[in-house]
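Asks: Sequence and predicted structure below; questions after.
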Amino acid sequence: MGFGQFVALIAAMMATNALAIDSMLPAMPQIGHALGVTTDNERQWILTAYLLGFGAAQIVYGSLADRFGRKPVLLVGLSLYVLFAAACAFATSFEMLLIARALCGVGAAATRVLSISIVRDCYSGRQMARVMSLSFIVFLGVPIIAPSVGQAILLVAPWPWIFGVLAIFGLAVIAWSVVKLPETLHPQDRVPLEVAPVLAAFKECLTNRVAVGYTLAATLVLGGLFGFLNSAQQVFVDVLGAGKLFTLIFAAIAGGIAVSSLINSQIVDRLGMRLVSHTALVGYIAFALVHAAIAWSGHDTLLSFSLMQAGMMFCFGMVMSNFGSIAMEPLGHLAGTAASVQGFITTIGGALFGFWIGQMFDGTVGPLTLGFAGFGIAGLVAVLITEKGRMFHAGPGPGAEAASFH
């Protein structure tokens, strides 16, 4: 594959997950009504069940990918995604839907682990961050249009067809991968499925100061985003009265991430991952604190909410793409295991934090804005501890990033 097609395929892998999260946001009231959900906050399990399956399974895919190769494990995961997306479409109870959603997440987890592992097999350092940013541009186009796609499907078909579209998209990615994707794992980097080597790989991933610190920081920041996704439909419809504009405003807000990823891909080679991401994190916190002040003073409007969220998402895009690359950089020889460990921590932790924020929804945006600010500040603390108080620098010297807690 050429560079452009490589980036596009990685983005398509990532997009399977984004579609599974965002395309059903407009349909959550209909799904809840059809399956007998009695409270609005209970509908948030539709998102959280998927995220928990998505996060938990990542811990397995890394070791499998490091042993058997990237391509076969990816194809198995995508097949599970297609199967259980279709199962969601035929769910006859809320419990059945949640089980199918969790198992669909289990399949999608392969795309998260394998996309990062494949990129790390082929690139490193700032070039890896550039590839990830370019992939994010395509990938983040999906959250922009996914709610509109879901809304469009609802205009012509019942809600189960949203899950049908997920299955069709998954089949398309399978076909593309079968035809075009080579095996990227080098034979000398294969890790046997034995207890001692696997435990040694996990230990290295969990004792590297840089990897652990930036993974925890990313988890905390991601918790705020998941809190927004959990309650977005309720906020726009019930609080701000913008039901008809929901998909358009959501697209505009999500567009902030896409724009920042494009800018990041152009500046990260010159400025470095740490300078860009640390500055963006401070900006994220500033937007969150201003938004919280506006909300708790009782002056939040649809315009102010949208502007503050767009600013935060702009910063979020630069934070997450670089934090992920920084966390992976010292673990290139264990890319599969590292991606699975980091994905497990960030997704499970972020989902639980986000669910907690979502469940605090009380008919106002106050709890949501405090959640953004609180978790953003906690992420900054994690970065400060990891960097021993030094921020906005180009990065450690040669070999320093591999230093462990020991």
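Replies: Done, it's in. Numbers count the residues shown, from 1 in each chain.
Asks: Tell me where the stretch 101-250 of the chain has helices.
Replies: Using DSSP state H, counting those that start in this stretch, the helices found in the stretch 101-250 of the chain span residues 125-139, 141-156, 160-180, 195-207, 209-234, 246-271.
Asks: Counting by contacts, list what the second one packs against.
Replies: Think helix 141-156. Packing contacts for helix 141-156, counted by 3 or more CB pairs under 8 Å, 6 or more residues apart in numbering; DSSP states H and E, involve helix 3-22, helix 160-180, helix 246-271. For glycine as for every other residue, the C-beta is placed from the backbone atoms N, C-alpha and C.
Asks: Kindly reformat those helices as JSON lines containing mean pLDDT, mean neighbour count and distance to residue 378.
Replies: JSON lines is the format used below for these (pLDDT from 0 to 100; neighbours: other CB atoms under 10 Å; distance: least, CB to CB, whole Å):
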{"stretch": "helix 3-22", "mean pLDDT": "85", "mean neighbour count": "21", "distance to residue 378": "23"}
{"stretch": "helix 160-180", "mean pLDDT": "94", "mean neighbour count": "17", "distance to residue 378": "33"}
{"stretch": "helix 246-271", "mean pLDDT": "82", "mean neighbour count": "19", "distance to residue 378": "21"}
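Asks: What lies in contact with stretch 379-392?
Replies: 209-210, 212-214, 216-218, 220-221, 274-275, 278-279, 281-282, 285, 319, 393 (CB atoms under 8 Å, 6 or more residues apart in numbering).
Asks: Now residue 367. Nearest residue, chain neighbours left out?
Replies: Excluding the flanking residues, the one nearest residue 367 by CB to CB, 6 or more residues apart in numbering is residue 360, at 3.8 Å.
Asks: show me the contacts for the one you found.
Replies: Residues in contact with residue 360 (CB under 8 Å, 6+ apart) are 367, 368, 371.
Asks: Tell me the one of those residues nearest residue 69?
Replies: Closest approach between those and residue 69, by CB to CB: residue 371, at 40.1 Å.
Asks: Could you list the low-pLDDT ranges of the chain?
Replies: Regions of the chain meeting the criterion pLDDT under 70 cover residues 124-127, 129-130, 132-133, 135-141, 143, 336, 394-406.
Asks: starting at the chain centroid, how far to stretch 191-209?
Replies: Here stretch 191-209 is found 24 Å from its chain centre; the criterion is CA atoms, centre = their mean, to the nearest Å.
Asks: For that stretch, list every residue counted as buried.
Replies: Using 16 or more other CB atoms under 10 Å as the test for burial, stretch 191-209 gives 191, 198, 201, 202, 204, 205, 208, 209.
Asks: Can you tell me how far the fourth one is from residue 56?
Replies: Spelled out, it's residue 202. Per CB to CB, to the nearest Å, residue 202 is found 15 Å from residue 56.
Asks: circling back to that earlier point, which member of the buried residues of stretch 191-209 is positioned nearest residue 225?
Replies: Nearest to residue 225, judged by CB to CB, of those is residue 205 at 23.5 Å.
Asks: Okay, the closest one and residue 339: tell me how far apart.
Replies: Residue 205 is 9 Å from residue 339, where distance means CB to CB.
Asks: now residue 227
Replies: For residue 227, the distance to residue 339 equals 24 Å [CB to CB].
Asks: Does the closest residue to residue 128 other than its chain neighbours lie in a helix or a strand, and which?
Replies: Nearest non-adjacent residue to residue 128, counting by CB to CB, 6+ apart: residue 325, 5.4 Å away. In the assignment (DSSP states H and E), residue 325 maps to helix 302-328.
Asks: Tell me the buried residues in the helix or strand just after that helix?
Replies: Going down the chain from helix 302-328, the next helix or strand is helix 335-359, by DSSP H and E. For helix 335-359, the neighbour count (16+ other CB under 10 Å) marks 335-355, 357-359 as buried.
Asks: Pull the contacting residues for residue 69.
Replies: Counted by CB under 8 Å, 6+ apart, residue 69 has contacts 183, 185, 190.
Asks: Among the residues you listed, which one has the most neighbours?
Replies: Compared across the contacts of residue 69, residue 185 has the highest neighbour count, 21 neighbours, by other CB atoms under 10 Å.
Asks: Tell me the backbone dihedrals of it, please.
Replies: Backbone torsions for residue 185, taken as degrees, to the nearest 10, come to phi -80, psi 120.
Asks: Spatially nearest residue to it (excluding sequence neighbours)?
Replies: residue 69 (5.0 Å).
Asks: Relative to residue 289, which of the helices of the stretch 101-250 of the chain is closest?
Replies: Between the helices of the stretch 101-250 of the chain, helix 209-234 lies closest to residue 289; by CB to CB that is 12.4 Å.
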